[in-house]
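A.B. asks: A predicted structure for the sequence below; I have some questions about it.
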Amino acid sequence: KKVGAPFQEFLKDDVVVVQGTAACGHQAHFYLEQQVCRAILDDNEVMRIDLASQDVHTVAKTVATCLKWPQARVEAVSTRSGGAYGGKCSRSVPTACAAAM
């Protein structure tokens with residue numbers, strides 16, 4: 001086959017076997033985003049936590065544990081917080097606990 005021939009010409013009569021291993025190192029993602037929340041104790045002794053989170057259940061459960069309250073007395077509220085990476089799942093919990101305390 002001549003040099004410079006189209007790629008398809010090289011493959012037309014030949015069987016190509018590609019074999020070996022490929023190594024790809026891991027990537028460490030550092031999640032750098034400010035965490036802000038507001039904790040308000042209402043007249044019914046219910047703690048309302050306003051925050052950006054993808055997991056308000058875990059926030060409410062953890063805040064209730066920190067306060068030694070039943071979970072029914074903690075309400076975590078989040079507006080729409082997009083993204084598929086999951087950075088808002090757990091990063092907001094310590095901030096919410098600190099604000100509630």
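C.D. replies: Structure's in. What do you need? Residues are numbered from 1 along each chain as shown.
A.B. asks: three-state assignment of the nearest residue to residue 59 once chain neighbours are set aside?
C.D. replies: Leaving aside its sequence neighbours, residue 59 sits nearest to residue 76 (CB to CB, 6 or more residues apart in numbering; 4.2 Å). Using the backbone N, CA and C atoms, a C-beta is placed for each residue, glycine as well. What DSSP: H, G, I helix; E, B strand; the rest coil gives for residue 76 is strand.
A.B. asks: How many residues are close by residue 76?
C.D. replies: Close neighbours of residue 76, defined as other CB atoms under 10 Å, add up to 27.
A.B. asks: who's in contact with it?
C.D. replies: 49, 51, 53, 56, 57, 59, 60, 63, 96 (CB atoms under 8 Å, 6 or more residues apart in numbering).
A.B. asks: which residues of this structure fall in helices?
C.D. replies: For the chain, the helices defined by DSSP state H cover 7-11, 56-67, 87-90, 93-100.
A.B. asks: So which of those helices is nearest residue 34?
C.D. replies: For residue 34, the closest of the helices of the chain is helix 93-100, at 9.3 Å, according to CB to CB.
A.B. asks: what's that closest one packed up against?
C.D. replies: Other helices and strands packing on helix 93-100, by 3 or more CB pairs under 8 Å, 6 or more residues apart in numbering; DSSP states H and E, are strand 37-41, strand 47-51, helix 56-67.
A.B. asks: With mean pLDDT, distance to residue 86 and mean neighbour count added, can I get the ones you listed in CSV?
C.D. replies: Converted to CSV, these look like this (pLDDT from 0 to 100; distance: least, CB to CB, whole Å; neighbours: other CB atoms under 10 Å):
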stretch, mean pLDDT, distance to residue 86, mean neighbour count
strand 37-41, 95, 18, 15
strand 47-51, 95, 16, 19
helix 56-67, 96, 12, 18
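A.B. asks: Output the ones you listed as JSON lines; include the columns distance to residue 23.
C.D. replies: Shown next, in JSON lines, are these (distance: least, CB to CB, whole Å):
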{"stretch": "strand 37-41", "distance to residue 23": "41"}
{"stretch": "strand 47-51", "distance to residue 23": "40"}
{"stretch": "helix 56-67", "distance to residue 23": "35"}
